[in-house]
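> From the sequence below, what's the structure:
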Amino acid sequence: MQNICQEQTKRTIVSKIVKNGKKVSTSQRRGNKPASAEEPKIHIKKQKRHINYVIFEKKDDIIMTLEENILYLDIETVPCESLAEDEKNELTHIWDEKMQKLKESDPDKYPGEENRDDYIQEAGLYAEFGQIACISFGMFYKDKSQEQQRFCVTSTYGTNEKELLTKFAAMLRSKGNTIKYICGHNAKEFDVPFIAKRMIINGIPLPEILKIYDKKPWDMPVKDTMEMWKFGSYRGASKLKLLCAVFGIPTPKDDIDGSEVARVYYKEQNYARIAKYCEKDVVATMRVYLHILGFGTFEDERITPIPAEPCLK
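Here you go, the predicted model:
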């Protein structure tokens, strides 16, 4: 009798774990999803790899759709007028205190009062003590008449900083759905923060793309060619002039360089010359970016300068 009961129990268990002639796994018996079922995550990852492969496989064609959402830019800055004209106010007093500390930390660079022009020029590197003389920027676009991609570059520049910043902010807002990234050389550390701070100082509301004060570094909509060239290293920051020489790109420093901008601005008052130099930096940055990505040379014939009127007081 005992043997018969054991046999019936065994058959009952077998009938519960076998369905349609197939053995049911432990996870199925517990109500879990079958192990053989495809998970959406795995499928999505495979899809992404496939899409990325297509993008880089067809890079010569796809560059138009990828790069047209990037605004390439560069800025030129000078000491603010009160420092340049040696006015006596609270700002110049704070700057003198700051310069005293700089002299103590680096006496060889700042030896004495006779080199006042040299250390006043240093003020142009700080948004609190400097101002923007020029913003040059460019983007790729599709020339339908010639069926090719071109690069247009222009500037907003002059002595009226508030007006040039207002124009630039209006451009960013008008192209808010087009521009997804800003690209520049050392743009994360200098150009983008400088522009944002000077807009706030001048009472200009920040466009959405410049509201980066609470963003994590990896969420910032900025592509920095200086950072890209480091390839994760914490040292070896390379100047734009060096990368142009390495890649065989025409140097943008064939007329003036950054150290001469304040002189050209205040003494020569040749604002168009500064804008031309700044636009060359934008073109050079664009070419360095393409070289790093492996896209090669972008010909001069495909670059379209767009003249701009200066913003003057």
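
> Around the nearest residue to D86 once chain neighbours are set aside, count how many other residues there are.
Distances taken as C-beta to C-beta, 6 or more residues apart in numbering place T92 nearest to D86, at 7.3 Å, with adjacent residues excluded. Just so you know, the C-beta spots here come from the backbone N, C-alpha and C atoms, and that holds for glycine as well. Using other C-beta atoms under 10 Å, T92 has 18 other residues around it.

> What of the one 5 residues further on?
For E97, the tally of surrounding residues (other C-beta under 10 Å) stands at 10.

> try Y266
18.

> and it, what is it in contact with?
Contact analysis of Y266 by C-beta atoms under 8 Å, 6 or more residues apart in numbering lists V78, A84.

> Specify the local secondary structure of it.
helix (DSSP: H, G, I helix; E, B strand; the rest coil).

> in the stretch 1-150 of the chain, which spans are strands?
18-19, 22-23, 70-79, 130-143, 148-157 (DSSP state E, counting those that start in this stretch).

> try the stretch 151-300 of the chain
Counting by DSSP E, counting those that start in this stretch, the strands of the stretch 151-300 of the chain are 181-184, 222-224.

> how close does the residue nearest to D86 sit to A84?
Computed as C-beta to C-beta, to the nearest Å, the T92 to A84 distance reads 10 Å.

> and if you look at A237?
In terms of C-beta to C-beta, A237 sits 28 Å off from A84.

> Which of those two has more residues huddled nearby?
Applying other C-beta under 10 Å to A237 and A84 shows that A84 carries more neighbours, namely 20 against 14.

> wait, isn't that one in contact with I120?
Yes - A84 is within contact range of I120, at 6.5 Å (criterion: C-beta atoms under 8 Å).

> Any chance you could list residues touching both of those two?
Joint contacts of A84 and I120 (C-beta under 8 Å, 6+ apart) are A262.

> number of nearby residues for I303?
17.

> returning to what we had before: report the contact partners of the residue nearest to D86.
Contacts of T92 (C-beta under 8 Å, 6+ apart): S82, L83, D86.

> repeat for R150
Here R150 is in contact with F140, Y141, K142, D143, R302, I303, T304 (criterion: C-beta under 8 Å, 6+ apart).

> Try it again at 7 Å.
Y141, D143, R302, T304 (C-beta atoms under 7 Å, 6 or more residues apart in numbering).

> Make CSV from those and add neighbour count, pLDDT and distance to G294 to it.
Formatted as CSV, these follow (neighbours: other C-beta atoms under 10 Å; pLDDT from 0 to 100; distance: C-beta to C-beta, whole Å):
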residue, neighbour count, pLDDT, distance to G294
Y141, 14, 88, 22
D143, 12, 79, 23
R302, 14, 89, 18
T304, 13, 91, 24
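
> Quick check: the gap between K109 and K88.
Distance from K109 to K88, by C-beta to C-beta: 25 Å.

> between those two, who's got more neighbours?
Between K109 and K88, K109 has the larger neighbour count (other C-beta under 10 Å), namely 12 against 9.

> Relative to Y119, how far out is the more buried one?
8 Å.

> What is the neighbour count of the residue lying closest to C134 once chain neighbours are set aside?
Sequence neighbours aside, Y157 is the residue nearest to C134 in space, at 3.7 Å (criterion: C-beta to C-beta, 6+ apart). If you count neighbours by other C-beta under 10 Å, Y157 ends up with 29.

> Got the confidence number for Y157?
Listed pLDDT for Y157 reads 96.

> Tell me who's in contact with it.
A133, C134, L164, Y271, I274, A275, P310, C311.

> Check Y119 too.
M99, Y110 are the contacts of Y119 under C-beta under 7 Å, 6+ apart.

> quick check: longest helix of this protein.
helix 271-293 (DSSP state H).

> Given the helix or strand following that helix, what are its sheet partners and their directions?
Per DSSP states H and E, the first helix or strand lying C-terminal to helix 271-293 is strand 303-305. Applying DSSP bridges to the sheet, strand 303-305 is found paired with strand 148-157 (parallel).

> Please save the CA atoms from the strand it pairs with in CSV.
C-alpha atoms of strand 148-157 as CSV (Å, rounded to 0.1, in the frame of the first residue of the first chain):
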residue,chain,number,x,y,z
GLN,A,148,27.7,70.1,-50.8
GLN,A,149,28.3,71.0,-47.2
ARG,A,150,29.7,74.4,-46.5
PHE,A,151,30.8,76.3,-43.3
CYS,A,152,29.7,79.9,-42.7
VAL,A,153,31.4,82.1,-40.1
THR,A,154,30.6,85.6,-38.8
SER,A,155,31.1,87.8,-35.8
THR,A,156,29.5,90.3,-33.4
TYR,A,157,32.1,92.8,-32.2
